[in-house]
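>>> model the following, please.
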Amino acid sequence: MIMINNLYLNLLLVLIVSVTYCSCNLPVSSSCPQNEALVRPCRCEYGIIICHDQTGVRIKEMFAHLSNQLEYINRHIHMVQISGIAITQLPDNVFSDITVNEIVIRDAPKLRTISDTAFKGTKLFTKRLVIHNCPQLQVDTLWTLINKLREVSSMKLCELENLREIPTLAFKELNKLRQLLICGPSVRTLHEKAFFKLTSLARLDIVNTGLTRLHDNSFVFEHPSRHMLTIGLFDNRQLTAEGLSAHTFAHMGRPVSLDFSGYNFESVHYRRQMPVIHEHVFRPFFKAHELNDINLYGQEFECQNCKNVWLKKEVSLHEKLLGLRCIIQSRQLMDVLNFKSCQ
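Next up is the predicted model:
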């Protein structure tokens, strides 16, 4: 009986130590420090540290000092925003051991390098990353950097002039990523299996790029899923149905909504992303899953183009063509005046 009691006591001790250890390693505070001077020359508002026109070295020094002044439980910030012309590089472990829920780096025209260990202290805590409008940023180590953020669920990579291609397995370690936005005319190549490991992905937007074609395996995934994936392809003025094949959207292994409308993006003005829905490309897409659909809200659909007449005949597909309106007088697809010259 004594041996059994000792065994239970040992197990209980292990459990207490484990719980204590876990709670000690999870900072819970995300408010601004009470002493505002601790974040100078940056400033903090509503849990957001804003560093505008500060050098990377100065930002690192500030976070190191902040860490030394805060109790461990308070070393967590909701968001860090970095911007301005003074920032040219972000060094190693720039946030010290301050964990950051959201990192936003934008409008930094002279930012050239981000160390691939810049986010070392927060890599297991950061949930959102934005890198936007950094025209000089070198992207050689970008993929190494972002793949260390294993907990990230939302990411935006936009207006990076040196980002010309999305490589195979670009996001290979980010199996918790749910929302991804890639935009900017410099992006001209999307390699096969670029998103292959993104098994949790719910929304993928590829916007305002220089893409002219998509590979057969651009949108294939390692594991099948029952959850709907929305793929937004809009404002890509050089991408037409001629740059797609029968396999482009046919092997995704999950229900998919193709969004050509940009309906949720206020800045989208291009309304001719997919005026022709080619049968050889999109019939395989509709066959791939019964829930697949296409969002065409606001698009200028060509109801006189005979390449679209197959859709009028396929009545079962009409409910899968969301928001379809003809460019001429906003007619419905079944209007008797449509496709009159087609055999």
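>>> show me what L233 bridges to in the sheet.
Bridge pairing for L233 (DSSP bridges) gives the partners I206.
>>> how close does it sit to C183?
Noted for L233: a distance of 11 Å to C183, by CB to CB, to the nearest Å. C-beta coordinates here come from the backbone N, C-alpha and C atoms, glycine included.
>>> which residues are in contact with each of these two?
206-207 (CB atoms under 8 Å, 6 or more residues apart in numbering).
>>> over to G121: give its phi and psi.
phi -70, psi -20 (degrees, to the nearest 10).
>>> that one touches D97, doesn't it?
Yes: using CB atoms under 8 Å, G121 is in contact with D97, at 4.6 Å.
>>> higher neighbour count, the two?
Comparing G121 with D97 by other CB atoms under 10 Å, the one with more neighbours is G121, at 20 against 17.
>>> next up, the contacts around the more buried one.
Counting by CB under 8 Å, 6+ apart, G121 makes contact with 93, 95-99.
>>> and what of P109?
Taking CB under 8 Å, 6+ apart as the test, what P109 contacts is 85, 133-136.
>>> among the residues you listed, which are in helices?
Using DSSP state H, no member of those falls in helices.
>>> now do the strands in the stretch 201-343 of the chain.
203-207, 229-234, 256-259, 293-295, 321-322 (DSSP state E, counting those that start in this stretch).
>>> tell me what the last one is packed against?
Here strand 321-322 touches strand 293-295, going by 3 or more CB pairs under 8 Å, 6 or more residues apart in numbering; DSSP states H and E.
>>> ok, the strand it packs on: who's next to it in the sheet?
strand 256-259 (parallel), strand 321-322 (parallel).
>>> any idea how far that strand is from the middle of the chain?
20 Å (CA atoms, centre = their mean, to the nearest Å).
>>> give me the mean pLDDT for it.
When pLDDT is averaged along strand 293-295, the result is 97.
>>> and for stretch 160-178?
Taken as a whole, stretch 160-178 has a mean pLDDT of 98.
>>> how about stretch 123-130?
Stretch 123-130 shows a mean pLDDT of 98.
>>> tell me how far that stretch lies from the chain's centre.
The answer for stretch 123-130 is 12 Å, by CA atoms, centre = their mean.
>>> now stretch 162-169
Using CA atoms, centre = their mean, the offset of stretch 162-169 from its chain centre is 14 Å.
>>> okay, it in CSV with CA atoms only?
Taking Å, rounded to 0.1, in the frame of the first residue of the first chain, the C-alpha atoms of stretch 162-169 are listed here in CSV:
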residue,chain,number,x,y,z
ASN,A,162,11.9,41.0,-55.8
LEU,A,163,9.2,38.3,-55.3
ARG,A,164,9.0,37.0,-58.8
GLU,A,165,8.1,33.4,-58.2
ILE,A,166,6.4,31.2,-55.6
PRO,A,167,8.6,28.0,-55.4
THR,A,168,7.6,24.4,-55.0
LEU,A,169,6.8,23.7,-51.3
